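# give the three-dimensional model of this entry:
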Amino acid sequence: MPTQKINKLLIGTNNKGKLREIKSLLPKNIKIHSTSEFNLKSPLENGKTFKENSLIKSKYFSKKTGLICLADDSGLEIDLLDKNPGIYSARWGGRHGDFNKAIKRVYRELNKKDKNWKHKKIRP
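Numbering: from 1, shown residues only. This is a model prediction of the structure:
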């Protein structure tokens with residue numbers, strides 16, 4: 001299989017912090033593009049895993065721009081909550097993805113599961 005040298009790459013995210021983070025990991029000779037340059041909103045992420053959601057985004061953005069696209073999906077998996085919120089982490093923040101709202105829900109759910117969760121050893 002012939003290899004293709006990548007000289008430009010679309011980072012499939014609308015999160016400026018994530019864009020900065022991914023960009024910092026890539027070689028400087030690659031011209032990085034963002035979804036905001038193309039005024040693209042994220043597609044519906046209806047996968048069942050982080051991998052499926054990242055592939056949905058990558059394929060969608062690549063098709064819209066004609067560029068090779070690197071996309072990711074991430075979230076918080078908490079053992080005590082059976083790996084939740086997982087792929088739904090952003091949704092726990094409500095319609096506008098409010099981080100404080102999401103964390104409050106995490107604490108509520110942890111308290112429902114185990115009132116003494118704060119005193120347990122947390123492993124990385």
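# how many neighbouring residues does the closest residue to Lys8 other than its chain neighbours have?
For Lys8, ignoring the flanking residues on the chain, the nearest one in space by C-beta to C-beta, 6 or more residues apart in numbering is Lys31 at 4.1 Å. Heads up, the C-betas are built off the backbone N, CA and C, glycines and all. Look at Lys31: counted by other C-beta atoms under 10 Å, it has 11 neighbours.
# any idea how far Lys31 lies from Ser42?
22 Å (C-beta to C-beta, to the nearest Å).
# and Gly86, by the same measure?
Look at Gly86 and Ser42: by C-beta to C-beta, they are 18 Å apart.
# ok, Thr3 next?
30 Å.
# between these two, which one's more packed in?
Counting neighbours by other C-beta under 10 Å for Thr3 and for Ser42 shows that Ser42 has the greater number, 16 against 5.
# tell me who's in contact with the more buried one.
For Ser42, the contacting residues are 13-14, 35, 57, 60, by C-beta atoms under 8 Å, 6 or more residues apart in numbering.
# please parse this structure into its domains.
The record's domain parsing of the chain by automatic domain parsing lists 8-70, 77-118.
# which of those domains comes out lowest on mean pLDDT?
When those are ranked by mean pLDDT, domain 77-118 comes last with a mean of 91.
# distance between the ends of that domain?
16 Å (C-alpha to C-alpha, to the nearest Å).
# grab the nearest non-local neighbour of the residue nearest the centre of the chain.
By C-alpha atoms, centre = their mean, the chain has its centre lying nearest to Asp73, at 3.0 Å. Spatial nearest neighbour of Asp73, chain neighbours left out: Asn53 (3.8 Å); criterion: C-beta to C-beta, 6+ apart.
# having no further points to raise, I will conclude here.
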